[in-house]
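Novice: what would the 3D arrangement of this be:
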Amino acid sequence: MKVYITASSAITPQNTFDSEKYLDVWQSSDLPYQLAIEPDYKSVIDPKLARRMSRIIKMSVATGNKVLAEADIGQPDAIVVGTGLGCIKDTEKFLREIINEEEGLLSPTAFIQSTHNTIAGQLALMLQCSEDNFTYVNRGHSFENALADAMMRIYEGADHVLLGGTDEMTSEVHNILTHMNCGGNTLLGEGACFFMISNTKIDGAVCIEGLDTVNYITTQQITERVKSFLRRNNVDTNEVDALILGIGEGLGDPYYKEIIQMFTPDIPVINFKEVTGEYFTASAYAFNVGSEMLRKQCIFPKILISGNNTSGLTKVLIYNHYQGVNHTISLLSL
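Specialist: Purely as a prediction, here's the structure:
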């Protein structure tokens with residue numbers, strides 16, 4: 001059975017929410033990290049509800065609602081979300097209140113809204129959806145594990161699964177991650193991406209041919225892993241029309257360098273982290289931009305770093321790693 005992306009939406013530090021203006025104007029920032037460009041939420045969220053939502057909840061609900069509207073699905077068979085840090089801003093707020101009130105009486109609101117599963121739960125409450133509701137928190141594989149769950153549900157008979165990958169950045173998180181060297185030389189960022197994963201191919205649907213994840217492997221092992229992945233999906237390297245990579249630290253990164261050398265010199269190489277920056281679920285955007293490339297049959301020049309063969313896109317390979325630990329391989333096709 002095939003698994004398809006029938007709708008997708010993304011809020012990132014660039015213009016990606018409006019599909020008509022997708023990556024049309026490049027935004028710059030003076031901050032040491034990238035913040036998402038938030039849309040006018042009035043068109044996708046009831047203003048009375050939006051007032052009580054944190055940034056990450058609003059970004060997630062907006063992209064989730066847009067996906068549901070585009071796919072014309074009122075009730076998904078499950079809601080599955082991946083997040084590395086969850087509603088970290090509310091966590092910070094609650095911890096500050098503990099300190100300021102000297103562990104006295106506290107409002108429970110920030111604590112209630114700070115849990116990682118608040119995002120998926122909020123969507124379920126708004127939709128009155130009583131189906132399965134899961135949140136995956138697995139560092140650099142948070143989104144991938146959520147995607148694997150969604151794919152297995154389709155294989156087991158579900159028709160439509162609402163899938164998301166979302167994280168937010170704050171100055172405190174930036175300072176901590178920078179101090180721990182968790183971002184490397186990559187600019188840290190944030191974003192929310194949601195997808196409708198379905199069992200039926202419709203016009204504009206993009207097929208997820210396969211997904212492979214692995215931890216702690218060498219640069220030599222990753223090339224063998226990619227070759228094995230392509231063989232399992234009956235795809236030759238010459239059939240891959242573009243590479244979507246999370247090249248945060250430039251072409252000097254040995255993992256990405258090895259992957260690029262596997263293919264012809266003129267293959268388009270896309271750096272999706274040029275849009276998102278680095279965060280735990282940044283790889284979710286790779287699936288969004290891959291879907292947009294296949295649907296629109298175009299390469300977005302702002303994130304093209306090499307290659308000139310940009311016609312006839314039918315298969316794109318996604319590869320990303322987080323901190324050289326969590327590795328992801330996937331293949332999208334029309």
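
Novice: I'd like to know which elements the longest strand seen in the chain is packed against.
Specialist: Taking DSSP state E as the criterion, the chain has its longest strand at strand 206-215. In terms of contacts (3 or more C-beta pairs under 8 Å, 6 or more residues apart in numbering; DSSP states H and E), strand 206-215 is packed against strand 4-11, helix 142-155, helix 219-232, helix 283-296, strand 326-333. Just so you know, the C-beta spots here come from the backbone N, C-alpha and C atoms, and that holds for glycine as well.

Novice: could you export those to CSV, including columns for distance to Ile247?
Specialist: Formatted as CSV, the helices and strands packed on strand 206-215 follow (distance: least, C-beta to C-beta, whole Å):
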stretch, distance to Ile247
strand 4-11, 19
helix 142-155, 18
helix 219-232, 14
helix 283-296, 11
strand 326-333, 14
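
Novice: could you save those as TSV and add columns showing mean neighbour count, mean pLDDT and distance to Gly191?
Specialist: Shown next, in TSV, are those (neighbours: other C-beta atoms under 10 Å; pLDDT from 0 to 100; distance: least, C-beta to C-beta, whole Å):
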stretch	mean neighbour count	mean pLDDT	distance to Gly191
strand 4-11	25	98	6
helix 142-155	23	98	11
helix 219-232	15	96	25
helix 283-296	25	98	6
strand 326-333	22	98	16
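
Novice: what's the burial count for Asp46?
Specialist: Close neighbours of Asp46, defined as other C-beta atoms under 10 Å, add up to 12.

Novice: and what of the one 4 residues further on?
Specialist: For Ala50, the tally of surrounding residues (other C-beta under 10 Å) stands at 15.

Novice: now swap in Glu274 and tell me
Specialist: 20.

Novice: how is the chain partitioned into domains?
Specialist: Following automatic domain parsing, the chain resolves into domains at 4-198, 209-333.

Novice: now the terminal residues of the last one, how far apart.
Specialist: Spelled out, it's domain 209-333. Using C-alpha to C-alpha, to the nearest Å, one end of domain 209-333 lies 7 Å from the other.

Novice: pull the distance from stretch 241-250 to the chain's centre.
Specialist: From the chain centre to the centre of stretch 241-250 is a distance of 14 Å (C-alpha atoms, centre = their mean, to the nearest Å).

Novice: actually stretch 43-61, not the one I typed
Specialist: For stretch 43-61, the distance to the chain centre is 19 Å (C-alpha atoms, centre = their mean).

Novice: for that stretch, which positions count as buried?
Specialist: Going by neighbour count (16 or more other C-beta atoms under 10 Å), the buried part of stretch 43-61 is 44-45, 53-61.

Novice: low pLDDT regions in the chain?
Specialist: Residues of the chain that meet the criterion pLDDT under 70 lie in 183-184, 249-252, 310.

Novice: now the helices for it?
Specialist: Along the chain, counting by DSSP state H, helices occupy 47-50, 55-71, 88-100, 109-112, 118-127, 142-155, 171-179, 219-232, 254-261, 273-276, 283-296.

Novice: quick one: which of the ones you listed is nearest Ile208?
Specialist: helix 142-155 (6.7 Å; C-beta to C-beta).

Novice: tell me the contacts of the residue nearest to the spatial centre of the chain?
Specialist: Residue closest to the average C-alpha location in the chain (C-alpha atoms, centre = their mean): Ala284, at 1.6 Å. Ala284 makes contact with 10, 82, 143, 164-166, 191, 193, 195 under the criterion C-beta atoms under 8 Å, 6 or more residues apart in numbering.

Novice: look up how far Thr223 lies from it.
Specialist: 25 Å (C-beta to C-beta, to the nearest Å).
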